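Chemist: following is a predicted model, sequence given first.
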Amino acid sequence: MTATTEQRDARPPNDDPHQIGRSNGEGADRVSGHGDGGPADKRTVVGFGFWIFLLSDIIMFSAIFAAYAVLEGATDGGPTSRQLFDIDNAWVETLCLLFSSFTCGLATIAAERRNVLWTQAFLLATGILGAVFLALELREFVDLIDRGAGPQRSAFLSSFFTLVGCHGLHVTAGLLWLGTMMAQVWTRGFQPNIARRLMCFSLFWHALDIIWVALFTIVYLFGVR
Amino acid sequence: MSGDDHQREDDRTPGSHQASVLVQVGTYTLGLVLALGLTAISFWAVRTHMLWGPGVPIGLCVLAIAQMGIHLVFFLHITSGPDNTNNLLALAFGVLIVFLVVAGSLWIMANLNANMMPMPAMMSPQT
């Protein structure tokens, strides 16, 4: 017995209930966080890395949210949020995104069962709902610009278009990714790398919905109140 | 090995789960219903005149944070379990930064606005 093993055995059994420093030298199947026991499996590493990316994306959004919150009153004598925003449109957009998040979750469940048909069906539903959301948002943008409330009208509208447009760009990127995933599942099936990409896509899509929750509350609900 | 009689699980990532189809679909459905309910309440709170006006923004913030929590738990499967320590710590750090950026910006800019010298010439629209 080595000295480290004796030290570990001397500890009470519940010394490390969350097993953060786990399994020193206990074999290759364990994740230790100390470099022994080998690295975690690829699915865990990829998922965690993508989770870090999502958090950094959310931090980027927080800067844009802060800019919007600061500039919300800076209308330069132009139209205010109360005059511009249509809460019914925001409600339909919210429903679209929420249900697309739900169908995306169902697609993940089907993909875990390696069921191509249901995976594709739910991914398609996710894509259609996302496209409807995007169409509604574009229609709102066009309507605002037609009414002379484009991004160059005031600091408030600049920050509004930046914030909502940035979320819309994320949804657009998500839709492109979704189409790519559907094609890859179609042609290559559920190889391990395809399954990991699908998992990352579902994380991305759920994160977009979380950002939308903050967005419709701060922009639309606070705006028309 | 010594003292290792309990089953340990691998580290899990957000989005991974191991349960039957029914349980998984049920989890998502419950999350959907809760999120729908909270969204409906917040949209209702804005339209109605039954609520005390100044209290509505605080209520909206609470509802939004609750709904984000529901998304995290039911859709992203973030839990407080030992297999989720890394995800939760990363999330906590992210929330800290978001809070610092948003609250700090609002605080500083409100302070600057309050201390701004009145400049009528700059207030009028430029030609």
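Modeler: Yep, it's here.

Chemist: check which residues of the longest helix along chain B are buried.
Modeler: The residue-count maximum for a helix in chain B (DSSP state H) belongs to helix B:85-114. Buried residues in helix B:85-114, counted by 16 or more other Cβ atoms under 10 Å in any protein chain shown: B:N86, B:N87, B:L88, B:A90, B:L91, B:G94, B:V98, B:V101, B:V102, B:S105. Where C-beta positions appear, they are placed from N, C-alpha and C, glycine not excepted.

Chemist: make sure the fifth one is actually in contact with B:G69.
Modeler: What that stands for is B:L91. No: using Cβ atoms under 8 Å, B:L91 is not in contact with B:G69; the gap is 10.8 Å.

Chemist: check which helix or strand A:H167 maps to.
Modeler: For A:H167, the element it lies in under DSSP states H and E is helix A:155-188.

Chemist: let me see the mean pLDDT of that helix.
Modeler: Average pLDDT, helix A:155-188: 95.

Chemist: for it, list every residue counted as buried.
Modeler: Burial within helix A:155-188, assessed by neighbour count using 16+ other Cβ under 10 Å, is assigned to A:155-161, A:163-164, A:167-168, A:170-171, A:174-175, A:178, A:181-182, A:184-185.

Chemist: quick check, it touching chain B?
Modeler: No: applying Cβ under 8 Å from any Cβ of the partner chain, one finds helix A:155-188 out of contact with chain B, separated by at least 11.8 Å.

Chemist: again, but for stretch A:122-134
Modeler: No: Stretch A:122-134 is not in contact with chain B by Cβ under 8 Å from any Cβ; minimum separation 10.7 Å.

Chemist: for that stretch, which positions count as buried?
Modeler: For stretch A:122-134, a neighbour-count test (16+ other Cβ under 10 Å) marks A:F122, A:L123, A:A125, A:T126, A:G127, A:L129, A:G130, A:A131, A:V132, A:F133, A:L134 as buried.

Chemist: about what we covered before: could you pick out which of the buried residues of helix B:85-114 are near chain A?
Modeler: Restricting the buried residues of helix B:85-114 to those touching chain A (Cβ under 8 Å from any Cβ) yields B:N86, B:N87, B:A90, B:L91, B:G94, B:V98, B:V101, B:V102, B:S105.

Chemist: so what's B:R8 scoring on pLDDT?
Modeler: Reported pLDDT for B:R8: 42.

Chemist: mind giving me the domain split of chain B?
Modeler: Segmentation of chain B into domains, based on automatic domain parsing, reads B:19-77, B:81-113.

Chemist: let's have the ones you listed in CSV, adding mean pLDDT.
Modeler: CSV is the format used below for the domains of chain B (pLDDT from 0 to 100):
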stretch, mean pLDDT
domain B:19-77, 91
domain B:81-113, 90
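
Chemist: pipe the ones you listed into TSV and attach distance to A:G150 per row.
Modeler: Conversion of those to TSV gives the following (distance: least, Cβ to Cβ, whole Å):
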stretch	distance to A:G150
domain B:19-77	26
domain B:81-113	24
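
Chemist: which one of those domains lies closest to A:A90?
Modeler: Ranking the domains of chain B by proximity to A:A90 (Cβ to Cβ) places domain B:19-77 first, at 8.0 Å.

Chemist: what comes up buried for the helix or strand that contains A:S62?
Modeler: Element membership of A:S62, judged by DSSP H and E, is helix A:42-71. Under the neighbour-count criterion of 16+ other Cβ under 10 Å, helix A:42-71 has A:43-44, A:46-48, A:50-51, A:54-55, A:57-59, A:61-62, A:64-71 buried.

Chemist: report all helices and strands that that helix contacts.
Modeler: In terms of contacts (3 or more Cβ pairs under 8 Å, 6 or more residues apart in numbering or on different chains; DSSP states H and E), helix A:42-71 is packed against helix A:155-188, helix A:192-215, helix B:85-114.

Chemist: can you give me the angle the longest one makes with helix A:42-71?
Modeler: Okay, so that is helix A:155-188. With axes from the mean of the first three to the mean of the last three Cα atoms, to 10 degrees defining the directions, helix A:155-188 sits at 160 degrees from helix A:42-71.

Chemist: so helix A:155-188 versus helix A:192-215, what angle?
Modeler: Angle of helix A:155-188 versus helix A:192-215, following the same axes, to 10 degrees, is 160 degrees.

Chemist: quick one: secondary structure of B:G37?
Modeler: For B:G37, the assignment made with DSSP: H, G, I helix; E, B strand; the rest coil gives helix.

Chemist: for it, give its distance to B:I70.
Modeler: Distance of B:G37 to B:I70, computed by Cβ to Cβ, to the nearest Å: 9 Å.

Chemist: that older thread, chain center to the helix holding A:H167, what's the gap?
Modeler: 10 Å (Cα atoms, centre = their mean, to the nearest Å).

Chemist: name the SS class of B:M117, please.
Modeler: coil.

Chemist: and it, how many neighbours?
Modeler: Residues near B:M117, counting by other Cβ atoms under 10 Å in any protein chain shown, number 5.
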